[in-house]
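# sequence first, predicted model second:
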Amino acid sequence: MLLLALESSCDETSAAVVRDGRTVLSNVIASQIDVHAEYGGVVPEIASRQHLEAVSLVVEQALRDAGVSLLELEGIAVTQGPGLAGALLVGISVAKGLALGRRIPLVGVNHIEGHLLAVFLETPVAFPFIALAVSGGHSHLYRVDGIGRYTTLGQTVDDAAGEAFDKVAKLIGLPYPGGVAIDRLAAAGNPQAIKFPRPLINDGSFNFSFSGLKTAVLTYLGKHPEAATSGLNDLAASFQAAVCDVLTRKTAAAVAATGIKRVVVAGGVACNSGLRRSMAAFADQQGVELAMPSPLLCSDNAAMIAVPGDYYLARGYRSGFDLDALPVWPL
Ligand code: KG4
Ligand code: ZN
């Protein structure tokens, strides 16, 4: 099927044209980061307005880039949740309008399912696999037995990994979103310089906890104020190492417990170079097949929404015009 996919759950307005849930013909992403950076985080009301301003242009651009006309589209997939209600509604309203106008089927998709399956746009991965989904709102370990067959093995009990990156970045005066900035600083730092805790590492669960790590950084800065200026690289590298170490070791534990030697890492934090390195090292050592989408497909984008969208539409799933945003929607 030739699908138009829409994503507007947070601070990226994105539209993509994807064939058969596998071939990306276009994937246009308009980021609002600069607007929200001024406020140190995403302001939901501003996000909705920005989506409204951008969405028509983004859809037109996606069709133009793909060389496809509205008349050729065979279906529409849209992020239904989880995310910001007002932001989600912009994508949903446009999706409904286009589906109604063109009389083509519409399906609402779970954003996290999009992240988990984005890998299929680049690499075929056999089921079952273990998936680590790490973004601004999620830190989950899943066992994936097929599309639509997800078992949660563990999740964060407080902050998500991306949230921890963003909060620690704020503590040390870096702009929102902090993950990229910490990654950059960490590249020139010593990851062993400061011994930050590895929360829940030996608790026998597949859960994560990152809020204590943020407090540990704050406590360290209180005792070593000079680190906020001259020691930022080491601080960033040590914090990043602690997060990546926990994410990698818990993923390794899930592989060991299930015997499933295939791992997919997904979500915005999967762009992190430290995480990509530690996952690659673990996979190498343990003979695990590892798939991590390229960074563009790890962070929020509409092409990933087309993967489950195509699967469900092809199997006859349809959303009605009563499709509503689901700000909270566990997979
Ligand atoms: O998946 P995503 O684009 O949006 C959500 O669904 O949340 O993830 C955004 C999160 C932010 O917290 C951002 O700081 C983090 O991903 N992130 C990173 C990196 N790039 C993005 N965190 C660490 N290192 C990065 N290179
Ligand atoms: Zn996301």
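Received it, and whenever you're ready, just let me know what you need. Ligands and ions are numbered 1, 2, ... in the order given.
# find the nearest non-adjacent residue to Phe127, please.
Once flanking residues are discounted, Phe127 sits nearest to Gly146: 5.0 Å by C-beta to C-beta, 6 or more residues apart in numbering. Using the backbone N, CA and C atoms, a C-beta is placed for each residue, glycine as well.
# the one you found touches Val125, doesn't it?
No: with contacts defined as C-beta atoms under 8 Å, Gly146 does not count as touching Val125, sitting 11.5 Å away.
# the two: which is more packed in?
Neighbour count, other C-beta atoms under 10 Å: between Gly146 and Val125, Val125 has more, with 18 against 9.
# run through the residues that contact that one.
Val125 makes contacts with 119, 262, 264, 289, 291, as judged by C-beta atoms under 8 Å, 6 or more residues apart in numbering.
# and for Phe165?
Neighbours of Phe165 in contact, by C-beta under 8 Å, 6+ apart: 177-179, 182, 240, 243, 269, 272.
# also Glu72?
Leu2.
# next one: it from Leu25, what distance?
11 Å (C-beta to C-beta, to the nearest Å).
# what of Glu122?
According to C-beta to C-beta, Glu122 and Leu25 sit 15 Å apart.
# more neighbours: which of those two?
Legend: neighbour count by other C-beta under 10 Å for Glu122 and Leu25, higher for Leu25 (18 against 14).
# and the helices in the stretch 151-300 of the chain?
Using DSSP state H, counting those that start in this stretch, the helices of the stretch 151-300 of the chain run over residues 161-171, 178-186, 211-223, 232-258, 273-286, 295-298.
# buried deepest among those, which one?
Burial of the helices of the stretch 151-300 of the chain is given as mean neighbour count (mean count of other C-beta atoms under 10 Å); helix 161-171 ranks first at a mean of 24.
# that one near ligand 1 anywhere?
Yes: contact between helix 161-171 and ligand 1 is present through 162, 165-166 (criterion: C-beta under 6 Å from any ligand atom).
# ok, which stretches of this protein are strands?
2-7, 12-19, 23-31, 75-81, 106-110, 129-134, 139-146, 149-155, 262-266, 289-291 (DSSP state E).
# where does pLDDT dip in the protein?
Residues of the chain that meet the criterion pLDDT under 70 are absent altogether.
# tell me which parts of it are close to ligand 2?
Taking C-beta under 5 Å from the ion, the part of the chain that reaches ligand 2 is made up of 135, 300.
# distance check, the spatially most central residue of the chain against Gly231.
Centroid-nearest residue in the chain, with C-alpha atoms, centre = their mean: Gly267, separated by 2.5 Å. Here Gly267 is placed at a distance of 29 Å from Gly231 (C-beta to C-beta).
# distance of the residue nearest to Phe127 from ligand 1?
23 Å (C-beta to the nearest ligand atom, to the nearest Å).
# distance of that residue from His138?
In terms of C-beta to C-beta, Gly146 sits 20 Å off from His138.
# count of residues packed around the residue in the stretch 1-150 of the chain that ligand 1 sits nearest to?
Of all residues in the stretch 1-150 of the chain, Gly136 sits closest to ligand 1, with a separation of 2.8 Å (C-beta to the nearest ligand atom). Gly136 has 22 neighbours, counted by other C-beta under 10 Å.
# please name the nearest non-neighbouring residue to it.
Here the residue nearest Gly136, using C-beta to C-beta, 6+ apart, is Gly162, at 3.9 Å.
# show me what contacts the one you found?
Here Gly162 is in contact with 134-137, 139, 177, 179, 267-269 (C-beta under 8 Å, 6+ apart).
# next, the distance between the ends of stretch 132-142.
Distance across stretch 132-142, first residue to last, is 7 Å (C-alpha to C-alpha, to the nearest Å).
# measure the residue nearest to the centre of the chain to Ala252 for me?
For Gly267, the distance to Ala252 - C-beta to C-beta - is 18 Å.
# now swap in Ala281 and tell me
In terms of C-beta to C-beta, Ala281 sits 10 Å off from Ala252.
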